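Asks: fold the stuff below for me.
(one chain, ligands or ions: 2)
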Amino acid sequence: ELRLIATEEAWSIPEVAEELRKTANSPTQSLDKLLVKGIYDAPSDTSGYGKLDFLSGLKDIEEHRLPQMDEFGVDMHLLALTAPGVQMFDADTAMELASLANDRLAEVCRKYPTRFAGLASFAPHSPKRAAKEMERAINDLGLNGFMINSHTNGEYLDDPKFWPILEAAEALDRCIYIHPRAASDTLKGPLQDYGMDSAMWGYGVEVGTHAVRMMAGGVFDHFPKLKICIGHMGEAVPFWLWRINFMNSRAQVVGRAKKTGRSMAEYFQDNFVITTSGVEDPLALRYAIDKLGVQNVMWAIDYPYQPMKPAVDFIEAFECTEEERHALCHGNAERIFHID
Ligand SMILES: COc1cc(C(=O)O)cc(C(=O)O)c1
Ligand SMILES: [Mn+2]
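Replies: Ligands and ions are numbered 1, 2, ... in the order given. Coordinates of the predicted model:
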């Protein structure tokens, strides 16, 4: 029987949902406001994801999520606080709610150890404090890795100010999942119309830019064992990889790009893994496997933003060897996220 572990599964807790609802009516310039208003402050459920019970934490898990997982044969969800996590909040609120969310997530994983694993949140605003919460999340709470929703106040992980976070993840041998949020204030320009702020386009631009900044910034020379996970079939980076590598290599020669110890292709190959979340396209999946190696690709649903059954049907119908199927559906997730 094929074990199915879904690796980009969103959840929330009432305290975070309430704080996001307040943010929806705040003067924030963040482009996430469109989404947050649609989910947390809509008169009716205009989010388009169906009833957003998932904001209720354990109640949702027991009443809505687990029954569907049982019905569709999904063994595990790797849970993480839904985007944009705590990153729209001020530093103190972010630290407090990240810690609370981690405690709640650990409770869920303890109650259902064969059904849920979890990625810990932290407040990137205070990198040294974040590193302490990361250590607590792994060593005390037994969580499985970390979740960050791309930028924080327009700053990205290639900025040395955040390197205590990268140092902690590398030292703890735990992966950081870079999940989308709407583009930062300096990137959002033409992404503010036609719904392009969202998963339709802007999310991929935001995370893809984040990943390239880390590689071109030489982050992995400093943290050679650091593992980063990006979803949505690698946010198109695998498709662009030949071109990113060629153009960066040439730019380094002429002093247009920062000199790095290794090439962009080597960094993406060795320091990144991807999931299939929200890209149920067999051609894209076959390309990613052939480009990166099956050991770097994991199945995900992206629940509740993607319905569960189509994502299960997609991976069960995908033409691959049995060895590939086991790697995609559970083997890689067990290795990368330390799932028993
Ligand atoms: C936090 O809100 C989200 C919205 C959507 C969307 O489909 O609009 C997708 C994701 C996601 O990919 O996780 C998240
Ligand atoms: Mn997602």
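
Asks: drop to CA atoms for contacts and neighbour counts, all remaining ones
Replies: Fine.

Asks: for the residue in the chain that ligand 1 sits nearest to, helix, strand, or coil?
Replies: Ligand 1 sits closest to A83 of the chain, with a gap of 4.1 Å, by Cα to the nearest ligand atom. On the three-state scheme (DSSP: H, G, I helix; E, B strand; the rest coil), A83 is labelled coil.

Asks: tally of neighbours for it?
Replies: For A83, the tally of surrounding residues (other Cα atoms under 10 Å) stands at 22.

Asks: now do the same contact list for it.
Replies: A83 is in contact with 10, 149, 179-181, counting by Cα atoms under 8 Å, 6 or more residues apart in numbering.

Asks: stretch 235-253 close to ligand 1?
Replies: No: using Cα under 6 Å from any ligand atom, stretch 235-253 stays clear of ligand 1, coming no nearer than 10.6 Å.

Asks: contacting residues around that stretch?
Replies: Contacts for stretch 235-253 (Cα under 8 Å, 6+ apart): 204-205, 207-208, 216, 257-259, 263-265, 288, 291-292.

Asks: swap the cut-off to 7 Å and go again
Replies: Contacts with stretch 235-253, where a contact means Cα atoms under 7 Å, 6 or more residues apart in numbering, come from 204, 207-208, 257-259, 263-265, 288.

Asks: any idea how far it is from the chain center?
Replies: In this view, stretch 235-253 has its centroid 22 Å away from the chain centroid, taken as Cα atoms, centre = their mean, to the nearest Å.

Asks: so which bits of it are buried?
Replies: The neighbour-count check on stretch 235-253 (16 or more other Cα atoms under 10 Å) flags 235-238, 241, 244-245, 248-249 as buried.

Asks: out of those, who's nearest E133?
Replies: E235 (27.8 Å; Cα to Cα).

Asks: check what pLDDT the closest one gets.
Replies: Here, the pLDDT recorded for E235 equals 98.

Asks: tell me which of the contacts of A83 fall in strands.
Replies: A10 (DSSP state E).

Asks: how about JSON lines for the contacts of A83, with pLDDT added?
Replies: Listed next are the contacts of A83 as JSON lines, based on pLDDT from 0 to 100:
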{"residue": "A10", "pLDDT": "96"}
{"residue": "N149", "pLDDT": "98"}
{"residue": "H179", "pLDDT": "98"}
{"residue": "P180", "pLDDT": "98"}
{"residue": "R181", "pLDDT": "98"}
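
Asks: how about CSV for the contacts of A83, with neighbour count and distance to ligand 1 added?
Replies: Compiled in CSV, the contacts of A83 are given as follows (neighbours: other Cα atoms under 10 Å; distance: Cα to the nearest ligand atom, whole Å):
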residue, neighbour count, distance to ligand 1
A10, 20, 7
N149, 22, 9
H179, 25, 7
P180, 27, 7
R181, 28, 7
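
Asks: nearest to H326, out of the contacts of A83: which one, please.
Replies: A10 (23.1 Å).

Asks: who is that closest one paired with across the strands?
Replies: Beta-bridge pairing for A10 (DSSP bridges): A80.

Asks: tell me which of the buried residues of stretch 235-253 fall in strands.
Replies: With strands defined by DSSP E, no entry of these lies inside them.

Asks: and which of those residues is nearest L187?
Replies: For the buried residues of stretch 235-253, the residue nearest L187 by Cα to Cα is E235; the value is 16.1 Å.

Asks: so which residues on the protein come close to ligand 1?
Replies: 82-83, 198-199, 302, 305.

Asks: which stretch of helix or strand covers the nearest residue to E280 once chain neighbours are set aside?
Replies: Excluding the flanking residues, the one nearest E280 by Cα to Cα, 6 or more residues apart in numbering is F314, at 6.1 Å. Using DSSP states H and E, F314 falls within helix 308-317.

Asks: in the stretch 51-200 of the chain, what residue spans correspond to strands?
Replies: Assigned by DSSP state E, counting those that start in this stretch, the stretch 51-200 of the chain shows strands spanning 76-81, 116-118, 146-148, 176-178.

Asks: I appreciate the help and will end here.
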